[in-house]
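# Next one to model:
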Amino acid sequence: MPVGYAPPMTDRMWGLPSRGTPSADRLIRRGVPRLLRSVDRFFDTWGPAPRRFSAAELVERAVRRTGFSDFGDGSFEEPLGVLARSYEEEANLSAFGRIAARWDALRFLSNLLLLHRAEQQTPEILDETIARPIFITGLPRSGTTFLHHLLARDPSNLVVRCWETIYPCTTDATWPSAPGPSADRVDRRLNAFARLAPEVPRVHPMSARSPQECTEITAHVFRSLRFDTTHHVPTYRLWLDEVGHLDAFRFHRRFLKYLQHHKGPGRWVLKCPDHVFALDEIREVYPDARFIFVHRSPLEVLPSVAELTEVLRRPFTRSVDRMAIGKQVSERWARGAEILVATADRFGDSPDVAHLLFRELVQNPLRTVSALYARFGLTLSDGFATEIGTFAAEWPNGGDRQKCSLEEFGLREDEERSRYRAYMTRFGF
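Numbers count the residues shown, from 1 in each chain. As a prediction, this is how the structure comes out:
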């Protein structure tokens, strides 16, 4: 989830009561959307002309903020320019959306400068080897987050934590000596963002120490489908589909090398549904990668994905079109489903590939993970086996709390069954 979109803010800043009582929570849920609309009306009537999203200006600000000017390479420049144009021409940014998008891009640019500075100061970072990483993917809302969090409980596994994608380097380009303050800082921002988007904790709970999706890594070079989730940016999405994700995953490997240099060696477990659209690029960058595909009925997946998209977009735009979101989600993931079927046929019974079903995963996670570890030749310790039971009790039904229906987003069950027939037949739905 794109938690980096929450710029520094407090309840007092927005005139909101502190959370903790039912009345305060109801006031926040009802009042925040009205407050954001009022801010937009104020700026429309009395405010200055909207400040354009300028890539060049943000680069200059990142240089001033960090004191460094060497990015190492300029591969981020074209995607940032395309994204900036999409923001201006298509995203219909709200006043808060403009502030958040600028802050978000500035953070990524600053991190790029700090990361390259760290590589210059400590060249052996680039000598790190990322061996046999495991990538979890599949249709979104199919249990990939549940599995990622579950495998993160195994001390033998390394995962990228949410706070590490937001503050990977300190201002002097070193690893934070104590991650606690950085993580606490991210938790404060997550809590603040939850006041602007009160439904987010229900549809996608997250803390600073939670495992984070890879789209938050590749967003640093502005080559990430995460921007398409949080905003209506079709031109940017089409551009990214055309150029592909190879440069994104080359940076992804750099980022992991930096983290591994400080965290120590381990077995990386990485997750994102959007990996479905970058499987060839992942295999080129990580030739020894292993893949876990999690499958769930599209009739359950689609309304949940559409709801999450709506919830994430709402704070940043002046208007949300549920019908357009439903259409986009259905068409996009129909293509993803085609790729999953073709990939299953292509890989066959490869020992480096595993296919899991959502129902089996959430109903018996210990048996599922035991079989998964056996397939990959990994050892499941007694301690981790106990952790699996504890975690499953904390996340009943894989944490699924779906509330919406297909019809709420303009989708019809018979049409979606037809659209996804090959996928549903291939995986037994």
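
# what does stretch 121-129 rub up against?
When contacts are taken as Cβ atoms under 8 Å, 6 or more residues apart in numbering, the neighbours of stretch 121-129 outside the stretch itself are Ala118, Glu119, Ala173, Arg254, Leu256, Lys257, Tyr258, Gln260, His261. All C-beta spots, glycine's among them, are computed from the backbone N, C-alpha and C.

# And for stretch 223-241?
2, 5, 76, 79, 82-83, 85-87, 89-93, 97, 101, 213, 215-216, 218-219, 243, 245, 247-248, 251, 274, 277, 308-309, 312-313, 316-317, 324.

# first to last residue in that stretch, what's the distance?
With Cα to Cα, to the nearest Å applied, stretch 223-241 spans 10 Å between its terminal residues.

# Okay, buried residues for it please.
Neighbour-count burial for stretch 223-241, with 16 or more other Cβ atoms under 10 Å as criterion, is recorded at 223-233, 236-237, 239-240.

# Phe409 versus Ala324, what's the distance?
According to Cβ to Cβ, to the nearest Å, Ala324 and Phe409 sit 9 Å apart.

# With neighbour numbers in mind, choose between those two.
Phe409 (24 against 13; other Cβ atoms under 10 Å).

# Which residue, other than its chain neighbours, is closest to that one?
Among residues not flanking Phe409 along the chain, Gly326 sits closest, at 2.9 Å (Cβ to Cβ, 6 or more residues apart in numbering).

# Could you identify the buried members of the contacts of stretch 223-241?
Buried members of those, counted by 16+ other Cβ under 10 Å: 2, 5, 76, 79, 82-83, 85-87, 91-93, 97, 101, 213, 215-216, 218-219, 245, 247-248, 251, 274, 277, 308-309, 312-313, 316-317.

# Which of these fall in helices?
Using DSSP state H, the members of those that fall within helices are 79, 82-83, 85-87, 97, 101, 215-216, 218, 247-248, 251, 308-309, 312-313.

# just the strands in the chain please.
Counting by DSSP state E, the segments of the chain that form strands are 134-138, 157-158, 267-271, 290-295, 353-357.

# Would you mind giving those as CSV with distance to Asn111 and mean pLDDT added?
Compiled in CSV, the strands of the chain are given as follows (distance: least, Cβ to Cβ, whole Å; pLDDT from 0 to 100):
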stretch, distance to Asn111, mean pLDDT
strand 134-138, 22, 98
strand 157-158, 19, 97
strand 267-271, 18, 98
strand 290-295, 28, 98
strand 353-357, 33, 97
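
# right, so these: which one is the most enclosed?
Ranked by mean neighbour count under mean count of other Cβ atoms under 10 Å, the strands of the chain are led by strand 134-138, which reaches a mean of 25.

# Pairing partners for that strand, with directions?
Paired with strand 134-138 in the same sheet, following DSSP bridges, are strand 267-271 (parallel), strand 290-295 (parallel).

# Can you name the residues in contact with it?
By Cβ under 8 Å, 6+ apart, the residues outside strand 134-138 that reach it are 144, 147-148, 151, 157, 267-276, 279, 282, 286, 289-296, 340, 376.

# Just the pLDDT at the nearest residue to Thr215 once chain neighbours are set aside, thanks.
The shortest distance from Thr215 to any residue that is not its chain neighbour, by Cβ to Cβ, 6+ apart, is 3.8 Å, and that residue is Arg226. Note on Arg226: pLDDT of 96.

# What separation is there between the residue lying closest to Gly143 once chain neighbours are set aside and Glu331?
Residue nearest to Gly143 in three dimensions, not counting chain neighbours: Phe358, with 4.3 Å by Cβ to Cβ, 6+ apart. Separation of Phe358 from Glu331 (Cβ to Cβ): 22 Å.

# more neighbours, these two?
Neighbours were counted for Phe358 and for Glu331 using other Cβ under 10 Å; Phe358 has more, 25 against 10.

# where does the stretch 101-250 of the chain have low pLDDT?
Applying pLDDT under 70 to the stretch 101-250 of the chain flags residues 170-179.

# how about Ser210, what does it touch?
If a contact means Cβ under 8 Å, 6+ apart, then Ser210 has His149, Arg161, Cys162 as its contacts.

# I'd like to know the beta-bridge partner residues of the second one.
Read it as Arg161. For Arg161, the residues forming beta bridges with it (DSSP bridges) are Pro211.

# Look up how far His148 lies from it.
Taking Cβ to Cβ as the measure, Arg161 and His148 are separated by 11 Å.

# For Ala422, the count of nearby residues, please.
Ala422 has 14 nearby residues by other Cβ under 10 Å.

# do Tyr420 as well
Using other Cβ under 10 Å, Tyr420 has 23 other residues around it.

# so it touches Glu331, yeah?
No - taking contacts as Cβ atoms under 8 Å, Tyr420 lies outside contact range of Glu331: 11.3 Å.

# Ala62: which of the strands of the chain is closest?
Nearest to Ala62, of all the strands of the chain, is strand 267-271, at 26.4 Å by Cβ to Cβ.

# Using PDB, list the CA coordinates for that closest one.
The C-alpha trace of strand 267-271 is given here as PDB (Å, rounded to 0.1, in the frame of the first residue of the first chain):
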ATOM      1  CA  ARG A 267      16.300 -15.400   2.200                       C
ATOM      2  CA  TRP A 268      14.300 -12.600   0.700                       C
ATOM      3  CA  VAL A 269      10.500 -13.000   0.400                       C
ATOM      4  CA  LEU A 270       9.000 -10.300  -1.700                       C
ATOM      5  CA  LYS A 271       5.400  -9.600  -2.700                       C
END
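
# Brilliant, that's me finished.
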